[in-house]
Every structure is written in C-alpha cells, then in structure tokens.
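Trainee: Model the structure of this input:
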Amino acid sequence: MLRERTVRLHYGSRVEAVYVLGTHLWTDVYSAAPTGAQTFSLKHSERVRVEVVRDGQAEEVATNGKQRWPLSPSTTLRLTMSQASPEASSDKVTVSYYEEEGITPVDQAGLFLTAIGC
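Mentor: Sure, this is the predicted structure:
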C-alpha cells in the first residue's frame, strides 16, 4: 500500500515539498482558492502525474492546462511521480483559479516538488 501525505496550497504563494517515490501526495484545491473563484485549471511538469479526484472518481490531467474543473469541497488532487527530480524544486504543479466566465486567472497557487527515492 502506498503511503500518503497532504500538502496545503495557498493562492498567491509558492509551496515547496519533498516527494518520496512510491507515495501519493494530496492537495485540496478548494480551500486554497481565492474569494470569487469558481473554476480551476492545472499545468504540471512531465514527470508529475496529476489526477483530479471528485466524489471519489479520479481523472488524469493533461500537462497543458486547457481543461477546467468546477471548485467543490469534494475536489482534491492526487500527485505521483515515478522518477527522482534532477534538481531541487525542478518539478511543479500550477493551479490557476478563475471567476465563472473569466479568461484570465484571478490568482494562482504553485507547488514545487523535489522527488527523491525511498
């Protein structure tokens, strides 16, 4: 069974975390959202596998950030990686928050990861 850990995001901030290969890293996009945000999109490094988990159902995320999801208290991100990072904080996940019909993000939250072997 994979070990699990949670990292807390905050809009407008960059969070750095160490990821241990063979684990799951969870983060809550809803509680990190700025006031007025209704949807979010994601961009991530190639080495990071990101799944949006809504009501227990997981959906893998493409790296390009074009898809949007509604913000909901039951929505979380599950992150995994399969290889170590070449440098500290070299892998990242960016969450962009939008107002209901907005084209430009109202804010972003960044997670910078360093993956290490166990």
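Trainee: Every contact and neighbour count from this point should use C-alpha atoms.
Mentor: Will do.
Trainee: Might you list the low-confidence residue ranges for this structure?
Mentor: Applying pLDDT under 70 to the chain flags residues 1-2.
Trainee: now the strands for it?
Mentor: Taking DSSP state E, the strands of the chain run over residues 3-6, 14-20, 23-28, 39-44, 48-54, 57-60, 68-70, 75-81, 91-98, 107-116.
Trainee: Mind putting those into JSON lines with mean neighbour count?
Mentor: As requested, those are arranged in JSON lines below (neighbours: other CA atoms under 10 Å):
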{"stretch": "strand 3-6", "mean neighbour count": "12"}
{"stretch": "strand 14-20", "mean neighbour count": "18"}
{"stretch": "strand 23-28", "mean neighbour count": "19"}
{"stretch": "strand 39-44", "mean neighbour count": "22"}
{"stretch": "strand 48-54", "mean neighbour count": "19"}
{"stretch": "strand 57-60", "mean neighbour count": "12"}
{"stretch": "strand 68-70", "mean neighbour count": "15"}
{"stretch": "strand 75-81", "mean neighbour count": "21"}
{"stretch": "strand 91-98", "mean neighbour count": "23"}
{"stretch": "strand 107-116", "mean neighbour count": "21"}
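Trainee: any idea how far Ser96 is from the closest residue to Ala88 other than its chain neighbours?
Mentor: Closest residue in space to Ala88, ignoring its immediate chain neighbours: Thr114 at 5.1 Å, by CA to CA, 6 or more residues apart in numbering. When distance is defined by CA to CA, to the nearest Å, Thr114 is 21 Å away from Ser96.
Trainee: hang on, the earlier thing: which ones are touching the residue nearest to Ala88?
Mentor: If a contact means CA atoms under 8 Å, 6 or more residues apart in numbering, then Thr114 has Glu16, Ala17, Val18, Tyr19, Ala84, Ser85, Glu87, Ala88, Ser89, Ser90, Asp91 as its contacts.
Trainee: That'll do, ta.
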